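**Student:** Quick check, what structure comes out for this input:
(one chain, ligands or ions: 1)
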Amino acid sequence: MENEIKYFSLEEVAKNDGKNGNKTWIIVKDNVYDVTDYVDDHPGGGELVLEWAGKESTKAFDDAGHSGDAKKELKQYKIGELREEDRKQKQKKKETDKAKEDRRSFCSYLTCGLC
Ligand code: HEM
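**Tutor:** Numbers count the residues shown, from 1 in each chain. Okay, here's the model as predicted:
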């Protein structure tokens, strides 16, 4: 189906590093963008984008202080999303939740009046 979201792994994205005729893909906030056709039009030069080709670029994109227009422009190039298991944010959150849960059960073990 046309509307189905495509999911990519970090390795797949990394292959699109803009080198040797490869496409230029970047990851911004877990979304994958094919910006191959935009590189040469980028204000301030294509090098700024190529540096991040095939990589997680959220910080670089945000730190550049892009305008709302730039963010809208970026949306046009979305080709899919990073697959769940490769999302850093989520993984970290899961780990923290697990740590909290472990702590909670340890605490309830200590304070349980029955044991
Ligand atoms: C991920 C790597 C990127 C970096 C490090 C980056 C960095 C920058 C920098 C430093 C500028 C200011 C240039 C100047 O004033 O001379 C700029 C401007 C701009 N960039 Fe990027 N950029 C990136 C990706 C993109 C992408 C993927 C798009 C859109 C598809 C984009 C759209 C724009 C636009 C429209 C401007 C003009 C100013 C504005 O409207 O914010 N950039 N970028």
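
**Student:** so what pLDDT did K19 get?
**Tutor:** pLDDT for K19: 97.

**Student:** wait, is it part of a helix?
**Tutor:** No - K19: not assigned to a helix; according to DSSP: H, G, I helix; E, B strand; the rest coil it is coil.

**Student:** where does it fall, phi/psi-wise?
**Tutor:** Main-chain dihedrals, K19, degrees, to the nearest 10: phi -100, psi 150.

**Student:** ok, so what distance separates it from V28?
**Tutor:** According to C-beta to C-beta, to the nearest Å, K19 and V28 sit 20 Å apart. Where you see a C-beta, it was placed from the backbone N, CA and C, and this is true even at glycine.

**Student:** Comparing the two, which shows the higher neighbour count?
**Tutor:** Using other C-beta atoms under 10 Å, the more surrounded residue of K19 and V28 is V28, with 23 against 11.

**Student:** partner residues bridging the more buried one?
**Tutor:** For V28, the beta-bridge partners are N31 (DSSP bridges).

**Student:** Run through the residues that contact it.
**Tutor:** S57, T58, F61, L74 (C-beta atoms under 8 Å, 6 or more residues apart in numbering).
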